[in-house]
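[1] Sharing a sequence plus its predicted fold:
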Amino acid sequence: MSIDKKKNLKSSKSQKSFSFLADKVIRFFFVISLTVNILTWLLISVKLFTLSSPIILSYNAFLGVNEKGAKYLTVVFPILGLFIIFLNYALGQLFKKDSLVTSRILAATSLLFNLIMIIAVSALIFVNDIY
């Protein structure tokens, strides 16, 4: 086998396309993001939907209750979380050829956003249990 053929064989192996979910870190972030989102759905269905309507949707430490509303408005939190997961997944697929770091940042952002959503839902549950 000539030297040129060996170089071409090596370059074709190194140019193998990067599979987005083949990376363990990215897969870990997205699995945990989906798990946190499912927990958010469960928290809302178990805790907030059992309360009498209307519930407190916004609370300020200085002014107290800012906004009351229907229970179904709390579903916005996990829907936004799912939207961010799917948006970051699509962007990660788009940028997978450019940079692995960008894809990992997008996956980590999905997890961070969903953690913020579950904290917000937990705060709503806490405020509604007090009042």
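    Now that the structure is in, tell me what you want to look at. Residues are numbered from 1 along each chain as shown.

[2] Might you report the residue contacts of S122?
    Going by C-beta atoms under 8 Å, 6 or more residues apart in numbering, S122 touches L43. For every residue, glycine as well, the C-beta is placed using N, CA and C.

[3] how close does it sit to N88?
    Remark: distance between S122 and N88 (C-beta to C-beta, to the nearest Å) = 23 Å.

[4] Show me which residues of stretch 45-65 are buried.
    47-48, 55-57, 59 (16 or more other C-beta atoms under 10 Å).

[5] can I get the residues you listed in a markdown table with secondary structure?
    Formatted as a markdown table, those follow (DSSP: H, G, I helix; E, B strand; the rest coil):
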| residue | secondary structure |
| --- | --- |
| K47 | helix |
| L48 | helix |
| I55 | strand |
| I56 | strand |
| L57 | strand |
| Y59 | strand |
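
[6] Tell me if I'm right that W41 and P78 touch.
    Yes: using C-beta atoms under 8 Å, W41 is in contact with P78, at 4.9 Å.

[7] want to throw the buried residues of stretch 45-65 into CSV with pLDDT?
    Below are those laid out as CSV (pLDDT from 0 to 100):
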residue, pLDDT
K47, 86
L48, 82
I55, 87
I56, 87
L57, 85
Y59, 85
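
[8] Torsion angles phi and psi at the residue nearest to P54 when sequence neighbours are not counted?
    Closest residue in space to P54, ignoring its immediate chain neighbours: K68 at 4.3 Å, by C-beta to C-beta, 6 or more residues apart in numbering. Dihedral pair for K68: phi -120, psi 150, per degrees, to the nearest 10.

[9] follow-up on the earlier one: neighbour count winner among W41 and P78?
    Neighbour count, other C-beta atoms under 10 Å: between W41 and P78, P78 has more, with 23 against 17.
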